[in-house]
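> I'll drop the sequence and a predicted model, then ask my questions.
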Amino acid sequence: MSNIELKGLPISKSSALPPVHTWTPPFCGDMNLVIKANGEWFHEGGKIKRSSMVSLFSRILWHEAGEYFLVTPVEKVRIQVEDAPFLVTAWQWIDTEKGRSIEFKTQTEDVLILGIDCDIWMASFSGEERPYVSMRYGMKALVGRNVFYGVAEYLERVDTSEGDGMGLISAGKSYLLLQDA
């Protein structure tokens, strides 16, 4: 088991993400860290209760060839993710230059605008259809049940390249979530 060295990483409230896409550290082994399907983070069997620690780790998370890693400029350790590493916990309508848009916020304080920063789709996990949004570096966030119920009130008829049915329109883009039978 490996622990990741966090020395040298900036500790700040800044929304700027570290440039992990430019780092090419050597693989240093596996870390006993699991992101559960409900969005909770566990280290060595115990839940990480400090949201600031989860947020720090989320900023150095990297997805590569179907696996997840925490990376720093000098090392890379593999972690386990049961479903999606992020969880959308809040949403609101906002006005953007592209029109009325849905803004999502994750448990790690990431802010995404549907149709601008992310897309939404339905996919199966353990036999259950679940909504996801795209995130940085090819990762995804599960849309929390309470958030999905909130946005579901705004489902409307959409016609997309995937088909017709019920979906969302945000920033001028249509997203099919429930296809006509």
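Arrived safely, thanks for sending.

> Specify the local secondary structure of the most centrally placed residue in the chain.
Nearest residue to the geometric centre of the chain (C-alpha atoms, centre = their mean): A141, 2.9 Å. Using DSSP: H, G, I helix; E, B strand; the rest coil as the criterion, the local structure at A141 reads strand.

> Show me what the helix or strand where L70 lies is packed up against.
Element membership of L70, judged by DSSP states H and E, is strand 67-71. Identification of packing neighbours for strand 67-71 by 3 or more C-beta pairs under 8 Å, 6 or more residues apart in numbering; DSSP states H and E yields strand 27-35, strand 61-64, strand 76-81. Any C-beta I mention is one placed from the backbone N, CA and C, and that applies to glycine too.

> Looking at the ones you listed, spot the one closest to V111.
When these are compared by C-beta to C-beta, strand 61-64 sits nearest V111, at 16.5 Å.

> Pairing partners for the closest one, with directions?
Partners of strand 61-64 in the sheet, by DSSP bridges, are strand 67-71 (antiparallel).

> Flag every buried residue along the strand it pairs with.
Residues of strand 67-71 classed as buried: Y68, F69, L70, V71 (neighbour count, 16 or more other C-beta atoms under 10 Å).

> which residues are contacting that strand?
Residues from elsewhere that reach strand 67-71 (C-beta atoms under 8 Å, 6 or more residues apart in numbering): 4, 20, 23, 25, 27, 31, 33, 35, 57, 60-63, 76-81, 85, 139.

> and the strand holding L70, how far from the chain's centre?
14 Å (C-alpha atoms, centre = their mean, to the nearest Å).

> Just want the angle from the longest strand anywhere in the chain to strand 27-35.
In the chain, taking DSSP state E as the definition, the longest strand is strand 86-96. Between strand 86-96 and strand 27-35, the angle comes out at 80 degrees (axes from the mean of the first three to the mean of the last three C-alpha atoms, to 10 degrees).

> quick check, distance from strand 86-96 to the centre of its chain.
Relative to its parent chain, strand 86-96 has a centroid offset of 12 Å by C-alpha atoms, centre = their mean.

> Please apply the same query to stretch 159-172.
Worked out by C-alpha atoms, centre = their mean, stretch 159-172 lies 21 Å from the chain centre.

> Let me see the mean pLDDT of that stretch.
Mean per-residue pLDDT for stretch 159-172: 94.

> for stretch 55-72, same thing?
95.

> ditto for stretch 75-91
Averaging pLDDT along stretch 75-91 yields 97.

> Look at it and report the distance between its end residues.
35 Å (C-alpha to C-alpha, to the nearest Å).

> ok, back up a step: pull the strand holding L70 out as CSV, backbone CA atoms only.
Extracted in CSV, the C-alpha atoms of strand 67-71 (Å, rounded to 0.1, in the frame of the first residue of the first chain):
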residue,chain,number,x,y,z
GLU,A,67,-8.5,3.5,-13.9
TYR,A,68,-8.3,6.3,-11.3
PHE,A,69,-5.1,7.8,-9.8
LEU,A,70,-4.1,10.6,-7.4
VAL,A,71,-1.1,12.4,-9.0
